[in-house]
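Asker: Give me coordinates for this.
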Amino acid sequence: MKRWYAIYCKPREDERAELHLDHQAFEVFRPKHRVRRKRSGGMTTLIESLFPRYLFVHLDDLTENWAPIRSTRGVAGMVRWGDHVPPVPEPVIDCLRRNVDEVGCIPTPQADYQKGDRLVIQEGAFAGHEGLFYGRRGEDRVMLLLEIMKQPQTMVFPEASVARG
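Answerer: Numbers count the residues shown, from 1 in each chain. Take a look at the predicted model:
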């Protein structure tokens, strides 16, 4: 019977492990998501693993040879509890697979900020300052009400650069 198993990858090599396992005809699933990162002066959207350093492989317990997996480039080993390699429950994988888009990304929901929520700016010139959530500007930007020089000011920040305070 085929089951899904978790594979632990070497640092930043989950994509390589996925590619090499796929070339060896293993059925591989690596859920991804889109993240906004600052690159060369501007924000860009990247596709990264939803579970960094982990991916899933569909194997037959009895008939498939697991040895090639351990020697695959990018693979650190199978996820195990002692000597036991536990399968990942099928409903977990089914739920993840149902929610991926055409490029294998699972949509990351926006934070559910409410007007007046206290947020802390995490990066940039205003890092460490607190502001009140005022609204959204576009898909990935938030408007905060800050007190600057004893005056309330609204400013827009990337959503990825703020967190609840």
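Asker: Walk me through the domains of this structure.
Answerer: 2-98, 118-164 (automatic domain parsing).
Asker: among the ones you listed, which is nearest T108?
Answerer: Nearest of the domains of the chain to T108, taken as Cβ to Cβ: domain 2-98 at 4.9 Å. Every C-beta, even on glycine, is put in place using the N, C-alpha and C of the backbone.
Asker: hang on, the earlier thing: include mean neighbour count when you put the domains of the chain into a markdown table, please.
Answerer: Formatted as a markdown table, those follow (neighbours: other Cβ atoms under 10 Å):
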| stretch | mean neighbour count |
| --- | --- |
| domain 2-98 | 14 |
| domain 118-164 | 15 |
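Asker: Give me the below-cutoff pLDDT ranges for the chain.
Answerer: Low-confidence segments of the chain (pLDDT under 70): 109, 139.
Asker: Helices along that one, start to end?
Answerer: 14-23, 67-70, 90-98 (DSSP state H).
Asker: Could you export those to a markdown table, including columns for distance to V57?
Answerer: Converted to a markdown table, the helices of the chain look like this (distance: least, Cβ to Cβ, whole Å):
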| stretch | distance to V57 |
| --- | --- |
| helix 14-23 | 6 |
| helix 67-70 | 7 |
| helix 90-98 | 11 |
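Asker: which stretch among the domains of the chain comes nearest A111?
Answerer: domain 118-164 (6.7 Å).
Asker: Can you get me the start-to-end distance on the closest one?
Answerer: 6 Å (Cα to Cα, to the nearest Å).
Asker: gap between it and the chain center?
Answerer: Relative to the chain's own centre, domain 118-164 is displaced by 23 Å; criterion: Cα atoms, centre = their mean, to the nearest Å.
Asker: Stretch 156-165 too?
Answerer: 17 Å.
Asker: for stretch 14-21, same thing?
Answerer: The answer for stretch 14-21 is 17 Å, by Cα atoms, centre = their mean.
Asker: Tell me what the residue nearest to R141 when sequence neighbours are not counted is bridged to.
Answerer: With sequence-adjacent residues excluded and distances taken as Cβ to Cβ, 6 or more residues apart in numbering, R141 is closest to V156, at 5.2 Å. Applying DSSP bridges to V156 gives these bridge partners: M143.
Asker: contacting residues for V156?
Answerer: 137, 141-144 (Cβ atoms under 8 Å, 6 or more residues apart in numbering).
Asker: cool, and G124?
Answerer: 157, 161.
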